[in-house]
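In: Quick one, what's the 3D model for this:
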Amino acid sequence: MDAEPDARGEPQPAAEAAEAGSGIQEDQALEEEMERLLEENEDLKCEIEEMRTEMEEMRDTFYEEDTCQLQEMRRELERANKNCRILHYRLRKAERKRLRYAQTGEIDEELFRCLEQDLKVAKDVSVRLHNELEKVEEKRTKTEEENEKLRQRLIEVEVTKQALQNELDKTKEVGE
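Out: As a prediction, this is how the structure comes out:
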């Protein structure tokens, strides 16, 4: 006989029974797909959280490095200020000697030696400060590049998060 009994015990055509069976299979397939997507979503959420944690660690490291660099630059600035004060003192001293020379007309050999020494110190300080400035500028450029990379990575994570949220919302809609 081609008919199978239905829920009421009445015979039902084989085509309808097959259709009901395929509907159940389709429901099971959808449920399995939904479960797979939910698991994938959870995995991706974990991955996003790991990336966020990693980014926070990178940011913390970046700030620690920045703090160290700032402290080093402050020490260098203090040294440069000290050298400038010394040079100002020597300059005032040389100026007094020049005035004395202008008043007396005598050439002061000590004045020439001091001026030559001051000029040499000033050149050395200038070269050193220039080199330090170049190093600081290189560090700043590198820090800005790292910062930009972190910003880009954060944007990528946010885009991925939004895409995953959209997938989760779609999956929830299909499940309802």
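
In: pLDDT weak spots in this structure?
Out: Counting by pLDDT under 70, the chain shows low-confidence ranges at 1-20, 105-108, 111, 175-176.

In: so what's the residue nearest the centre of it up against?
Out: Computing the C-alpha centroid of the chain and ranking residues by Cα atoms, centre = their mean puts residue 150 first, at 3.1 Å. Counting by Cβ atoms under 8 Å, 6 or more residues apart in numbering, residue 150 touches 55, 58, 59, 62. Any C-beta I mention is one placed from the backbone N, CA and C, and that applies to glycine too.

In: so how far is residue 132 from the closest residue to the last one other than its chain neighbours?
Out: Meaning residue 62. The shortest distance from residue 62 to any non-neighbouring residue, by Cβ to Cβ, 6 or more residues apart in numbering, is to residue 146 (6.4 Å). Distance of residue 146 to residue 132, computed by Cβ to Cβ, to the nearest Å: 21 Å.

In: just residue 78 next, same as before
Out: Taking Cβ to Cβ, one finds residue 78 at 12 Å from residue 132.

In: which of those two has more neighbours?
Out: A count of neighbours by other Cβ atoms under 10 Å puts residue 132 above the other of residue 78 and residue 132, at 16 against 10.
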